[in-house]
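Asker: Predicted model and sequence below, questions to follow.
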Amino acid sequence: MTKTLKDYFKELEDNVVDLEKKIVASNALTWNVDFTDLTRRIAVSDFSLVKGFIKAQPLENQRDLWLTIIDLLKDSKVFDDMFKEGIRKELLLDCFKELENLNYTILQSHTQKNTVKGNAKKANKPDTTVKGNAKKANKPDAKFNWQGTQAQLVYLIEQLYKQGFLSPIIQPEKHRLTAQHFTVKGKNLNQKNLAKAKQSYLNNKGGKPKRGEEIEQIVSAAKKQNPRQP
């Protein structure tokens, strides 16, 4: 008989309960062992089977499965006591991270499909006119050329999201769009370097890049000029 998602989750719950019964039956609480950590290890190990089951399903079905497992975790009585509530939170956080990764994967998949489709159309309909080729040759670079550092640009974008000027999206997509629409002193950007730039300023004292306060003041002043912003 093929196992379902609920079957895997039930096994996780049963294993946690069985471990707790064994601890009580053997009077093991008197041992010098961290049983909360032992229970966490059992739960995390069994939860890897749950994750594996979900990731083996078609991409379009995975979002609903993650939402189902989140509901199961929230409703589970096994994790209701104060010792195991932390384990529940850890597993829920893992679910939210997997959902974020799934959103990014789906977005990338759609982007690639649209790109392939667009390239196919271009290949089947070439611009053979001299006028059309001249326009392409003279088309200016549409990117904004930032004159500060990469870290300052990333911090500015983060402040715009924070203050509600831009609609919330996942972190990797912020870096992708920044690289798509900006250069720094004429140089093209990539997502990996933008992520490193953010981590670099987060490691600074105060968690800001050089002149970060000035960027905050500019965004704050813009917000005051636009009373519609939240």
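Answerer: Now that the structure is in, tell me what you want to look at.
Asker: so Gly148 sits in a strand?
Answerer: No. Gly148 is assigned coil when assessed by DSSP: H, G, I helix; E, B strand; the rest coil, not a strand.
Asker: Near it, how many other residues are there?
Answerer: By other C-beta atoms under 10 Å, 16 other residues sit near Gly148. The way it works is simple: take the backbone N, C-alpha and C, and place the C-beta from them, glycine included.
Asker: counting contacts, what elements does the longest helix anywhere in the chain pack onto?
Answerer: The single longest helix within the chain, with elements called by DSSP state H, is helix 85-124. With contacts taken as 3 or more C-beta pairs under 8 Å, 6 or more residues apart in numbering; DSSP states H and E, helix 85-124 sits against helix 35-55, helix 59-75, helix 171-181.
Asker: Can you list the low-confidence ranges for this protein?
Answerer: 1, 26-34, 113-141, 225-230 (pLDDT under 70).
Asker: ok, and the closest non-adjacent residue to the spatially most central residue of the chain?
Answerer: Residue closest to the average C-alpha location in the chain (C-alpha atoms, centre = their mean): Glu100, at 3.9 Å. Spatial nearest neighbour of Glu100, excluding adjacent residues (C-beta to C-beta, 6 or more residues apart in numbering): Ile170 at 5.4 Å.
Asker: where's that neighbour relative to Gln163, distance?
Answerer: 18 Å (C-beta to C-beta, to the nearest Å).
Asker: Wait, Glu13 touches Ser76, no?
Answerer: Yes. If you go by C-beta atoms under 8 Å, Glu13 and Ser76 touch, sitting 6.2 Å apart.
Asker: Neighbours of the residue nearest to Phe96 when sequence neighbours are not counted, how many?
Answerer: Nearest residue to Phe96, sequence neighbours excluded (C-beta to C-beta, 6+ apart): Ile70, at 7.9 Å. Around Ile70 there are 15 other residues, counting by other C-beta under 10 Å.
Asker: now do Asp75
Answerer: By other C-beta under 10 Å, neighbour count at Asp75 equals 9.
Asker: ok, residues contacting the helix or strand harbouring Lys223?
Answerer: Per DSSP states H and E, Lys223 falls inside helix 212-225. Residues from elsewhere that reach helix 212-225 (C-beta atoms under 8 Å, 6 or more residues apart in numbering): 152, 155-156, 159-160, 163-165, 201, 206, 208-209, 229.
Asker: Ok, stretch 37-47 next?
Answerer: Taking C-beta under 8 Å, 6+ apart as the rule, stretch 37-47 contacts 8, 11-12, 15-16, 19-20, 83-84, 86-87, 90-91, 94.
Asker: So among the residues you listed, which ones count as buried?
Answerer: 8, 12, 15-16, 19-20, 84, 87, 91, 94 (16 or more other C-beta atoms under 10 Å).
Asker: Just send the residues you listed back as CSV, with distance to Ser220 too.
Answerer: What follows is the buried ones among the contacts of stretch 37-47, written out as CSV (distance: C-beta to C-beta, whole Å):
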residue, distance to Ser220
Tyr8, 49
Leu12, 47
Asn15, 52
Val16, 49
Leu19, 53
Glu20, 52
Lys84, 43
Ile87, 41
Leu91, 39
Asp94, 36
